[in-house]
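Enquirer: Here's my sequence, what's the structure:
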Amino acid sequence: MTVTLPLEPQEEARLAAVVQAKGLSAEELVRAALDRIPADASELPDARPAGTASGAALIAAMQASPYRDLEIEPTHSPRRRKSS
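Expert: Purely as a prediction, here's the structure:
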């Protein structure tokens, strides 16, 4: 199987940095990551038809993400309560 994965420039830079730091080729690094998939796959939600995902599935997907260290902040202000 051949998989082509387009990378954003920041993703490519991060991959290059890890490759250099570990002294591996990009292929070796990706193969090492692929070896972890069977163990991590049990944490991923099963594919379901659209509209059937639950909050638990979203949390499981976020916890399984390799980008867990990213902080996501809302881009809007919290709603203010109307005073009566």
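
Enquirer: pLDDT on stretch 37-44, on average?
Expert: Confidence for stretch 37-44, expressed as mean pLDDT, is 67.

Enquirer: got a list of what Gly55 touches?
Expert: The contact partners of Gly55, taken as CB atoms under 8 Å, 6 or more residues apart in numbering, number zero. No exception for glycine: its C-beta is placed from N, CA and C like everyone else's.

Enquirer: Pull up the gap between it and Met62, please.
Expert: From Gly55 over to Met62 the distance is 11 Å, taken as CB to CB, to the nearest Å.

Enquirer: Would you map the helices across the chain?
Expert: 9-22, 26-35, 37-41, 55-64 (DSSP state H).

Enquirer: ok, now which ones touch Pro9?
Expert: Neighbour list for Pro9: empty [criterion: CB under 8 Å, 6+ apart].

Enquirer: now the one 5 residues further on
Expert: Contacts for Arg14 were tallied using CB under 8 Å, 6+ apart; there are none.

Enquirer: Give me the neighbour count for Gln10.
Expert: 8 (other CB atoms under 10 Å).

Enquirer: ok, the closest residue to Ala26 other than its chain neighbours - how many residues close by?
Expert: Counting by CB to CB, 6 or more residues apart in numbering, Ala26 lies nearest to Val19, which is 5.3 Å off, once chain neighbours are set aside. Residues lying near Val19 (other CB under 10 Å) number 16.

Enquirer: Local confidence estimate at Val19?
Expert: At Val19, the predicted lDDT confidence score is 89.

Enquirer: now Pro78
Expert: Pro78 carries a pLDDT value of 60.
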